[in-house]
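> quick one, fold the following:
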Amino acid sequence: MDEGEVTQALRGVEDPEAGMSIVDLGLVYGVEVQPGRVRVEMTMTSPACPAAPYLVDEAEAAIRTVAPEGTDVQVELVWEPPWTPERMSAEARQKFGW
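Numbers count the residues shown, from 1 in each chain. Now for the predicted structure:
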């Protein structure tokens, strides 16, 4: 398993408010894969996002679908740097008219 596989798994996690993957929205800040461990840093569009706990749980579940059994999976919410629309994929920006 590598960072690309983890990122691809995270593409299956959809923000229910935006109707788009957390990867395309630019919410995933970093993926680190080490033997026996996966760590992901992600953010929300706003610290007040009501979907944050759901999205963290969904991200962990998605990673577990590609991680070997027994892998320590950590998804950490971070707020620095703050999310901006510039982090979104071109497809996402086009969808929202940005």
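> which other helices and strands contact the helix or strand where Glu41 lies?
Using DSSP states H and E, Glu41 falls within strand 37-42. Here strand 37-42 touches helix 3-10, strand 28-34, helix 52-66, strand 72-77, going by 3 or more Cβ pairs under 8 Å, 6 or more residues apart in numbering; DSSP states H and E. To be clear about C-beta, it is placed using only N, CA and C from the backbone, and glycine gets the same treatment.
> per-residue pLDDT, the residue nearest to Thr65 when sequence neighbours are not counted?
Among residues not flanking Thr65 along the chain, Ala9 sits closest, at 5.8 Å (Cβ to Cβ, 6 or more residues apart in numbering). pLDDT recorded at Ala9 is 98.
> for the strand holding Glu41, buried residues please.
For strand 37-42, a neighbour-count test (16 or more other Cβ atoms under 10 Å) marks Val38, Arg39, Val40, Glu41, Met42 as buried.
> cool, and stretch 73-87?
By neighbour count on 16+ other Cβ under 10 Å, the buried set for stretch 73-87 is Val73, Val75, Leu77, Trp83, Arg87.
> tell me, what residue is most central in this protein?
Nearest to the mean C-alpha position of the chain, counting by Cα atoms, centre = their mean, stands Val28 at 3.9 Å.
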